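J.: Following is a predicted model, sequence given first.
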Amino acid sequence: MDLYVGESQRATNARDRRLLRDRRRGGPGGRRPRRPGGAAAGVFHVGPVAETGPQQWRDMFAVNVIGLLVVTRAALPHLRRGTAPAVVTISSMSGRRVPTAAGGVYSATKHAVHAIGDGLRLELRDERVRVTTIAPGFVRTAILDDWPDGPLRDRYSERMDSVGLDPDTVADAVVHVLGLPAGVAVAEYAGTAVCQ
Ligand SMILES: NC(=O)c1ccc[n+]([C@@H]2O[C@H](COP(=O)([O-])OP(=O)(O)OC[C@H]3O[C@@H](n4cnc5c(N)ncnc54)[C@H](OP(=O)(O)O)[C@@H]3O)[C@@H](O)[C@H]2O)c1
C-alpha cells in the first residue's frame, strides 16, 4: 500500500521506488508484503495573524491536519494486513519551533502533526505499527508556486534556493526509516541543510 502524496511521491527516485517496492515485498525475493503508509500533502501560507484570515488558516488546518488524519485512518486497515507496518508523516522543523513571526499558524499545524504522530505511535504500538514524523527544514519544492508575487515570496524563494534540501534527501530519510528493523520505532527524524 503506497499512500505517498506530494513531496515524497515526486521526490522518490527510481532507486528509492525500487527499494520501497522490495521492502514492501519483504526484500528482494521476499514473500510477505510490508506495509508503509505515508501522508505528505501540505499547504504553506505565511503572514502575520493581523494580515491573514480564516480562509488561509482553514486551508492549512484542513490539509495539513485533518487531511493527514483522514488519510491515516483510511490506511490503517490496509497497514494492519501487512508485515512491518509503518506510518510516515511529513511535518516540518516548524513543528518543533516557531521559525518566524509570519509562520505562527503554519507552525501550529505542524506542531499538531507532531502531536498526532506521537499519539498514533502510542495508539498503534501494541499492533506493532511504527509511526515516524519526518521534520525537514526548507526543501526545494513547488510549495511556493501559488504564492502571489511580492517581497514575501522573493524572500522565501531566495531562502529556499540558498538553504533548501534536495527533495531526494527527504525521500532517502523515509527509505532509511522504513529500512530499519521492524522492532525499531523512530518517533521523529528531523533534519535541515547544515547552513539553515
Ligand atoms: N518545501 C519545504 O520547504 C517543506 C519543508 C518542511 C515540510 N514541508 C512539508 O512537506 C510536505 C510536502 O510539501 P512540498 O514542499 O512537497 O510542497 P508541494 O510541492 O506544494 O506539494 C504539496 C502536495 O500537497 C498536495 N496538496 C495540497 N493541497 C491538497 C489538497 N487540498 N488535497 C490533496 N492534496 C493536496 C499537492 O497536491 P497537488 O500537486 O495535486 O496540488 C502536492 O502534492 C508538506 O506537508 C509540507 O508542509 C515542506
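T.: Sure, I can see it.

J.: so G37 makes contact with P77?
T.: No: using CB atoms under 8 Å, G37 makes no contact with P77, being 10.5 Å away. From N, CA and C alone the C-beta is placed, and that goes for glycine too.

J.: between those two, who's got more neighbours?
T.: Between G37 and P77, counting by other CB atoms under 10 Å, G37 is the more crowded of the two (23 against 9).

J.: Secondary structure element for the more buried one, which one?
T.: Secondary structure assignment for G37, by DSSP states H and E: strand 34-39.

J.: what pairs with that strand, and is each one parallel or antiparallel?
T.: Partners of strand 34-39 in the sheet, by DSSP bridges, are strand 83-90 (parallel).

J.: List the buried residues in the strand it pairs with.
T.: By neighbour count with 16 or more other CB atoms under 10 Å, strand 83-90 contains the buried residues A84, P85, A86, V87, V88, T89, I90.

J.: Let me see the mean pLDDT of the strand holding G37.
T.: Taken as a whole, strand 34-39 has an average pLDDT of 74.

J.: Output it in PDB with nothing but the alpha carbons.
T.: Coordinates of the C-alpha atoms in strand 34-39 are reproduced here as PDB (Å, rounded to 0.1, in the frame of the first residue of the first chain):
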ATOM      1  CA  ARG A  34       5.500  -4.800   4.100                       C
ATOM      2  CA  ARG A  35       3.000  -2.000   4.600                       C
ATOM      3  CA  PRO A  36       4.300   1.500   4.700                       C
ATOM      4  CA  GLY A  37       1.700   4.400   4.600                       C
ATOM      5  CA  GLY A  38       2.600   8.000   4.300                       C
ATOM      6  CA  ALA A  39       0.900  11.400   4.400                       C
END
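
J.: distance between that strand and the chain's centre?
T.: Strand 34-39 sits 12 Å away from the centroid of its parent chain (CA atoms, centre = their mean, to the nearest Å).

J.: On the three-state scheme, the single nearest residue of the chain relative to the ligand is what?
T.: Using CB to the nearest ligand atom, the point where the chain gets nearest to the ligand is G42, with a distance of 2.2 Å. Of the three states, G42 takes coil under DSSP: H, G, I helix; E, B strand; the rest coil.
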